[in-house]
Structure formats: structure tokens, C-alpha cells
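Asks: Just the structure for this:
(one chain, ligands or ions: 1)
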Amino acid sequence: MHALDRTQTVTLAGAGLVGSLMAMFLARRGFQVEVLERRPDMRRETVEAGRSINLAISARGLYALKQVGLEDEARRHAIPMRGRMIHPLSGELTLQPYGKDDSQHINSISRAWLNQFLMTHAEGTGKVRIRFKQRIQSVDFDTGTLSVLDEPSGTTREERVPVLLGADGSGSAVRQAMAKLPGNTSTQDVLSHGYKELSIPAGPGGSFRMEKHALHIWPRGTFMLIALPNEDGSFTCTLFLPFEGPVSFASLDSPSKVTAFFQEQFPDAVPLIPTLTHDFFHNPTGHMVTVKSAPWHVEGRALVLGDAAHAIVPFFGQGMNCGFEDCVALDGLLARHSRWEDAFEEFFRLRKPNADAIADMAVENFIEMRDSTASPRFLLEKQVEKVLLNAFPGQFLSRYTLVSFSRVPYRLAYEVGAIAGRIVSELSEGLTRAEEVDLDRAARLVRERLVPFLEAH
Ligand code: FAD
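Replies: Predicted structure coming up:
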């Protein structure tokens, strides 16, 4: 029953970023794909803003797009960001490069554009049908039956599906149904910080009013503001702030308090955000969640992937990249296995440790972004790291480089990154400038600690 039969129709829950891309991969393998999406078609109707207007795509996401022939066009709509532009409370802006040189950059891309682009190309295969306004309410894995609400008519129907892939996001109905099965687990860790999007419009003639090729950060300890560039010259800002407490979304309860807070904390951003108080009180306050669940499949009947399996907080810019990497991994396994169950099982075994690793790194990066980026010691260590990246190419590797500019498994990036971080920290002790770093000692530490670890993996 669960043999991988290419004439079979696969049902996919969700036509978000991961669902639309997975549909393309399946179509290319010969499957017919039926996608059930609860939202209206965003190419035809205005859909509420939802999550982040733009996002950062890096090596893993771009590689996945390349596999389906879409990387070049996506790159044409993306803006390279070469480093973090730090906006301190007073004093000069500083650019902290992401990599060893400008060739190592991440890219800002519009979520809506990318999602529409993927849906259109998925449908363009002739094998994918996306049905909008269809909300999956529950799943019965014993009978392989979905309960689907047709939103326009308000009627619910039962649908028999031989194979179900759940790419229905962090609140996944498919995962919730799986979590009810004996022995399955699913935890949701909701961050005590929320986020709010604000906008910096383009300058005259579509010009950028801040450095275009950077991810801007105003790090302020327990909270921060960031901004990513858009193709039209605007920037989308995101304020990350605790929900409750003395400086929080709860405490900023009037336009005058919001204005005073911004003038005190982000003075250089205020003149750039003309609709600050309007946006602050009209735009939704988003939640961020880490989802860890196991297993991700029910025999060969159903599998969850992307945020549905492993939603993470956005501070490493990797949620979508990780979900796209899932698609590549599953596609490869479908080529090798003749039973769904074997492919699903190996997918879970391969991807779960990596999803857990990026989930933990994303939480750690929150502290780095909102707090450490403001400290001179952190800045020095980043500069020492850059010296080592250039001095020992292929031997010294940093966590950020491995996560964002390579496809090394996240688990390995985590472990190598920890060793590399300790080396940088030891070498930076007592330095005032990165150029003073002792390269002989550095070579010894790299040889003794990193090289054997890399050789063993
Ligand atoms: P989603 O994008 O959530 O798509 C799920 C789809 O399923 C949606 O279309 C939804 O309507 C549909 N759906 C849900 N429930 C049902 C149902 N019951 N029935 C039918 N359809 C359903 N990632 C990065 O890589 N880089 C970044 O810079 C980045 N920035 C981020 C910033 C913020 C503020 C946030 C919150 C996230 C960010 N992410 C980033 C993470 C990224 O948004 C997610 O990892 C990505 O959207 C996951 O894609 P997905 O398709 O799995 O889920």
C-alpha cells in the first residue's frame, strides 16, 4: 500500500514557502500533487500581512532553488547584505562583515514575491493543483482521512489521501494530529519577546535612505530593532521587544510613549519612519516559537516538514533555509527508496539532529544580536575571526560561516562553531586590535583542535 508509486497523487498541506517548493520537487519526480492551502490565493486577493515582509536567504535556501532551476531569477530579486550595520545609541555606525570578504553575504528577499514565484512555478509543472481557502481541520491516520473546511461555503468534507505531507507551518494541524498518537511528542516554546514590523519608505527616486547592502541592527540589550532592504528602496524594520515588563509591548500603550521610546533608543531611525505610531498600533504583534516534535512521520502515510516539524525563532535567518534544505533531503531520499516509510524514517533520522541544532543556535543568536553586537569585545572577536578565516582557509571555520555560507549539517556547524569560538576567545584575550593576533599560536590551536575534529567527521 505504501510503495512509492510515481503515478500516485500526493497531498500536501500548505502552499507556503516550503509546501510550494516541495510540490515542485515532487512534480519533477513524476507525482501528481494536490495542495490544500487555507489562505486565499495571494496572487489574486490581498492577504493579511502575516509574518515577516522580507527574509534572509543564504546558501542552503539558494542551493534548493538551484535544484529546481529557480536560483538565478530569485537572486535577481534579492539584495545582498554583506554584514551587520550596527547603530549604537551614540557614535559612529560600524559594519561587521558576515564573512571573510564580500563574496560571503546573505540576501534580503520579499516573502510574498518568493511565495508567489514558487506557487506559479509549481503549477507550471502541470502536475500541481493548489486549492485555496481549504483548511485542514483534523487527520485520521488509521483511515488516511482528512477533514477539510471549504472556507467559502463553510462546509466540511472528508477526503481520503494515500500520502500526506504536512507543510502547514508552525501551528501545523498535521503535527497536532500526530502528537496525539501514543509515544509521540511535540513541544512549543513561546519566546517572551514579540515582534512588530515598521516601515522606512524609499527616498526620492527609489533611493535607499540607509546603506543598502547591510542588515541594520540597533542592539539595546533586552530588545532591538533591525531593518532589511527591499527592492523598491524601502526597508522593513522589525522591533523585537518583551511582551511584558518595564520596557515592553504592554508598557508602550500610547502614541506619545512610543514616540518618546523611539526618540530615546533609536534616534537616527525616527526621522526615517514617518508612520511610526500609526504602524505601531495598527500592525499586529507577532509571536515567535520553537517547535520540537518527534517522530515526524506516521509510517509511510504522513510526514511533516519545514516549520510544521521544527519551527525556530528567526534570529539566525534560517527557518526557511532549513525548510528548503528539508525539501532537497526528502527529494534525494525519494529517489533512493521504494517505500514511503523508508524515505520518511531516514528523513527524520537525518534531519532531526540538524533541526534541533539550528533551533538552539537561533535562540543563542538572539542574545548575540540584541546584546553582544554592541560590545567592543564582541567586535574585536569578530575581527579576529575574520583574520583567522583568511589566514587558515578551509581549516578555520566559524559557526556563522558554516551555517550561512555552507551546507555542512547544522549539527556539525554547531560543534565546529563552539570549538572555533573558544579559539577566537582565547586568542583575543589581552588584544586591543585584531592585527595583533598571534598567528603562530592560532595555527597551533587550529591544528590541535579543529583539524582533528573536522577529519573525524
Ligand atoms: P509557512 O510559511 O508558515 O507556510 C505554511 C502554510 O500552510 C501557509 O501558507 C498557511 O496558510 C498554510 N496552512 C497553515 N495551516 C493550514 C491548515 N490547517 N490547512 C491548510 N493550510 C494551512 N527564515 C529564514 O530562512 N530567513 C529569515 O530571514 C527569516 N526571517 C523570519 C522573520 C520572522 C519575523 C519570522 C516569524 C520568521 C522568519 N523566518 C525566516 C522563518 C520563516 O518564515 C519560516 O521558517 C518559513 O516561513 C517556513 O515555511 P513553511 O512553508 O514551513 O511555513
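
Asks: Where does Phe359 fall, secondary structure wise?
Replies: Just to correct that, residue 359 is Ala rather than Phe. Per DSSP states H and E, Ala359 falls inside helix 340-370.

Asks: what mean pLDDT does that helix have?
Replies: Here helix 340-370 scores 94 as its mean pLDDT.

Asks: ok, and for that helix, which residues are buried?
Replies: 340-341, 343-348, 350-352, 354-363, 365-366, 368-370 (16 or more other C-beta atoms under 10 Å). (C-beta placed from N, C-alpha, C; glycine too.)

Asks: for stretch 57-77, same thing?
Replies: Residues of stretch 57-77 classed as buried by neighbour count (16+ other C-beta under 10 Å): 57-65, 67-68, 70-71, 74-75.

Asks: Give me the subset of those residues lying in strands.
Replies: Ile57 (DSSP state E).

Asks: Need the max-distance pair from the buried residues of stretch 57-77.
Replies: Pairwise distances across those peak at 17.3 Å for Ser58 and Val68 (criterion: C-beta to C-beta).

Asks: show me what contacts Glu159?
Replies: 11, 145-146, 148 (C-beta atoms under 8 Å, 6 or more residues apart in numbering).

Asks: interface residues of the stretch 101-250 of the chain facing the ligand?
Replies: Along the stretch 101-250 of the chain, the residues adjacent to the ligand under the rule C-beta under 6 Å from any ligand atom are 135-136, 167-169, 173, 195, 238.

Asks: Which of those residues has the largest number of neighbours?
Replies: Ala167 (30 neighbours; other C-beta atoms under 10 Å).

Asks: residue contacts, the residue nearest to that residue when sequence neighbours are not counted?
Replies: For Ala167, ignoring the flanking residues on the chain, the nearest one in space by C-beta to C-beta, 6 or more residues apart in numbering is Gly19 at 3.5 Å. By C-beta under 8 Å, 6+ apart, the contact set of Gly19 is 12-13, 35, 37, 165, 167-168, 306.

Asks: Go again with 7 Å.
Replies: 12, 35, 167 (C-beta atoms under 7 Å, 6 or more residues apart in numbering).

Asks: could you redo the residues you listed as JSON lines and give each row pLDDT and secondary structure?
Replies: Below are the contacts of Gly19 laid out as JSON lines (pLDDT from 0 to 100; DSSP: H, G, I helix; E, B strand; the rest coil):
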{"residue": "Leu12", "pLDDT": "98", "secondary structure": "strand"}
{"residue": "Val35", "pLDDT": "98", "secondary structure": "strand"}
{"residue": "Ala167", "pLDDT": "98", "secondary structure": "coil"}
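
Asks: and the helix holding Ala359, what other elements does it pack with?
Replies: On a contact count with 3 or more C-beta pairs under 7 Å, 6 or more residues apart in numbering; DSSP states H and E, helix 340-370 meets strand 215-219, strand 289-294, strand 297-298, helix 307-310, helix 319-336, helix 410-428.

Asks: Around Pro409, count how many other residues there are.
Replies: 18.

Asks: Quick check: closest non-adjacent residue to it.
Replies: Nearest non-adjacent residue to Pro409 (C-beta to C-beta, 6+ apart): Asn354, at 5.1 Å.

Asks: So that neighbour sits against Val408, correct?
Replies: No - checked against C-beta atoms under 7 Å, the pair Asn354 and Val408 is beyond contact range at 9.8 Å.

Asks: if we can go back for a sec, gap between the residue nearest to Ala167 and the ligand?
Replies: Gly19 is 5 Å from the ligand, where distance means C-beta to the nearest ligand atom, to the nearest Å.

Asks: Next: Glu415.
Replies: Taken as C-beta to the nearest ligand atom, the span from Glu415 to the ligand is 22 Å.

Asks: Would you check how far apart the residue of the stretch 51-200 of the chain found nearest the ligand and Ser58 are?
Replies: Closest residue of the stretch 51-200 of the chain to the ligand, C-beta to the nearest ligand atom: Gly169 (2.8 Å). Per C-beta to C-beta, to the nearest Å, Gly169 is found 21 Å from Ser58.

Asks: And Glu381, by the same measure?
Replies: From Glu381 to Ser58 the distance is 22 Å (C-beta to C-beta).

Asks: Spell out which parts of the stretch 301-450 of the chain neighbour the ligand.
Replies: Those residues of the stretch 301-450 of the chain that sit near the ligand, judged by C-beta under 6 Å from any ligand atom, are 306-308, 314, 317-321, 323.

Asks: Domains of this protein: list them as residue ranges, please.
Replies: Under automatic domain parsing, the residue ranges defining each domain of the chain are 9-78+108-189+288-365, 193-282, 375-456.

Asks: Where among those domains is average confidence lowest?
Replies: Here the lowest mean pLDDT among the domains of the chain goes to domain 375-456, at a mean of 93.

Asks: now the end-to-end length of that one.
Replies: One end of domain 375-456 to the other measures 35 Å (C-alpha to C-alpha, to the nearest Å).

Asks: Likewise for stretch 44-61?
Replies: Per C-alpha to C-alpha, stretch 44-61 runs 26 Å from first to last residue.

Asks: Off-centre distance for it?
Replies: Remark: stretch 44-61 is offset 10 Å from the chain centroid, using C-alpha atoms, centre = their mean, to the nearest Å.

Asks: again, but for stretch 444-454
Replies: Put simply, stretch 444-454 sits 30 Å off its chain's centre (C-alpha atoms, centre = their mean).

Asks: contacting residues around it?
Replies: 392, 395-396, 416, 419-420, 423.

Asks: same deal with stretch 81-88?
Replies: Contacts with stretch 81-88, where a contact means C-beta under 7 Å, 6+ apart, come from 56, 93-98, 102, 105-108, 211, 213-219, 268, 373-374.

Asks: buried subset of those residues?
Replies: Among those, those classed as buried by 16+ other C-beta under 10 Å are 56, 96-98, 105-108, 213-219, 373-374.

Asks: so Gly300 is in which element?
Replies: For Gly300, there is no host helix or strand (DSSP H and E).

Asks: where's it relative to the ligand, distance?
Replies: Gly300 is 21 Å from the ligand, where distance means C-beta to the nearest ligand atom.

Asks: and if you look at Pro274?
Replies: Distance of Pro274 to the ligand, computed by C-beta to the nearest ligand atom: 22 Å.

Asks: Which secondary structure state does that residue sit in?
Replies: With DSSP: H, G, I helix; E, B strand; the rest coil as the basis, Pro274 sits in coil.

Asks: give me the number of residues near it?
Replies: 11.

Asks: What separation is there between it and Val247?
Replies: Taken as C-beta to C-beta, the span from Pro274 to Val247 is 23 Å.

Asks: cool, Arg160 as well?
Replies: 53 Å.

Asks: So the two - more neighbours on which side?
Replies: Counted by other C-beta under 10 Å, Arg160 and Val247 do not tie: Val247 has more neighbours, with 15 against 10.
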